[in-house]
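Q: Sequence first, predicted model second:
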Amino acid sequence: MELTGIHHLTAITADAPGNKRFYTDTLGLRLVKKTVNQDDTSAYHLFYADGLARPGTDLTFFDWPAARERRGTHSISRTGLRVAGDSLDYWAGRLRDRGLAVGQIATLDSRASLDFEDPEGQRFRLTEDAPDAVTAPWEKSPVPAAQQIHGLGPITISVPELAPTEAVLTQVMGMRKVRDHASPDGHGTVHVYEMGRGGPAAELHVAVQPDLPRARQGAGGVHHVAFRVPDKPAIHAWAARLAEMRVPSSGEVERYYFRSLYFREPGGNLFEIASDEPGFAVDEPLESLGQSLSLPPFLEGQRAQIEARLKPLD
């Protein structure tokens, strides 16, 4: 029944071709699954990850024709990406050379970090990973193996009030509060919660920011964050736990590449609990992931209609 870390994070893009170019060519991630939003098959759902498409490395995007996000609280406000600490100079130069908004390398929460924004304004933080982190570089990445992104974490959410969110994190989800630090943007305090073995791959940072307006979701914003459990029996157990604790949820949802359930924490942010199994190689070979449109079996009969509505990515 323990959450072991961040599973994936799903954001919104209004420019799928540009999104693919940036995340593969600039960030050097591997496109490991090209599929559609199972609840809106007119939209791509693109998954980027490390060389082995491991849970905890998946950064995914819904392709929707949305206006830009209006920033504020009640939001998943910054996406952490783990890298080797000595690679931050490389990344600062690479991102600046491409004309992106890039901050200064700084120490935050005792780790070296570098803030930047993608071309649609999504806020990221490159964070020094644990020295014993297990990595799986992608051999075809334009980024050298030693500088490649290891995976997700920590993830920062913004809420106007701590107590209701903290109750869900600690009493329902079993996270441990470990420390606090000042928010680097000057708005409020950040409270750090960890799961499993802890470390940057298993941390959720909660920024309490009552002075900010309510965010409006859009392109460059985050849709939801997912937390890891090993398998489908664990999803069954979590569905039962949420029901027992009277937390409204979606119930179990079969996503084919993993099994999930969804619920909102009191600050309004959408959380998902997702299984590590079976993974992205369930319907195509590991060596050719992401090269063609993948559809789960229940959508395969609609392939011709779905493909006709999708715009080219290249």
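A: Received it, and whenever you're ready, just let me know what you need.
Q: What segments of the chain are helices?
A: Counting by DSSP state H, the segments of the chain that form helices are 16-21, 88-97, 162-167, 232-244, 303-309.
Q: highest average neighbour count across the ones you listed?
A: Scoring those by mean neighbour count under mean count of other Cβ atoms under 10 Å gives helix 16-21 as the most buried, with a mean of 18. C-beta here means a position set from N, CA and C on the backbone, and glycine is covered the same way.
Q: what is the rounded mean pLDDT of it?
A: Averaging pLDDT along helix 16-21 yields 98.
Q: and if you look at stretch 122-132?
A: 96.
Q: now the end-to-end length of that stretch.
A: 29 Å (Cα to Cα, to the nearest Å).
Q: returning to what we had before: please name whichever of the helices of the chain is nearest to P184.
A: Nearest of these to P184, taken as Cβ to Cβ: helix 88-97 at 15.2 Å.
Q: before we move on, back to that, in JSON lines: the helices of the chain, plus distance to I149.
A: Putting the helices of the chain into JSON lines (distance: least, Cβ to Cβ, whole Å) gives the following:
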{"stretch": "helix 16-21", "distance to I149": "16"}
{"stretch": "helix 88-97", "distance to I149": "9"}
{"stretch": "helix 162-167", "distance to I149": "28"}
{"stretch": "helix 232-244", "distance to I149": "27"}
{"stretch": "helix 303-309", "distance to I149": "30"}
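Q: Among the ones you listed, which comes closest to M1?
A: M1 lies closest to helix 232-244 among the helices of the chain, at 5.6 Å (Cβ to Cβ).
Q: what's the straight distance from one end of stretch 126-137 to the other?
A: 16 Å.
Q: quick one: contacts for the closest residue to R71 other than its chain neighbours?
A: Taking Cβ to Cβ, 6 or more residues apart in numbering as the measure, R71 lies nearest to A215, with 5.8 Å between them; neighbours along the chain are not counted. With contact set as Cβ atoms under 8 Å, 6 or more residues apart in numbering, A215 has these partners: E69, R70, R71, G72, T73, H74, S75, S77, S158, G221.
Q: returning to what we had before: out of the helices of the chain, which is closest to I273?
A: Across these, closest to I273 is helix 232-244 (Cβ to Cβ), at 5.1 Å.
Q: what's next to the closest one, contact-wise?
A: 1, 172, 229, 249, 251-252, 259-261, 263, 273-275, 277.
Q: Tell me the buried residues within these.
A: Buried members of the contacts of helix 232-244, counted by 16 or more other Cβ atoms under 10 Å: V172, V229, S249, E252, R259, S260, L261, F263, I273, A274, S275.
Q: closest to D283 among the residues you listed?
A: Nearest member of these to D283, counting by Cβ to Cβ, is R259, at 15.1 Å.
Q: ok, now how distant is H181 from A106?
A: Counting by Cβ to Cβ, to the nearest Å, the gap from H181 to A106 is 12 Å.
Q: What of S75?
A: In terms of Cβ to Cβ, S75 sits 22 Å off from A106.
Q: got it, and L310?
A: On the measure of Cβ to Cβ, L310 and A106 end up 41 Å apart.
Q: out of those two, which sits in the busier spot?
A: L310 (16 against 12; other Cβ atoms under 10 Å).
Q: Next up, the contacts around the closest residue to the more buried one other than its chain neighbours.
A: Spatial nearest neighbour of L310, chain neighbours left out: Y44 (6.3 Å); criterion: Cβ to Cβ, 6+ apart. Y44 sits next to A16, K34, T35, V36, N37, F61, F62, D63, L310, L313 when contact means Cβ under 8 Å, 6+ apart.
Q: one more time with 10 Å
A: By Cβ atoms under 10 Å, 6 or more residues apart in numbering, the contact set of Y44 is 13, 16-17, 19-20, 34-37, 61-64, 293, 310-311, 313.
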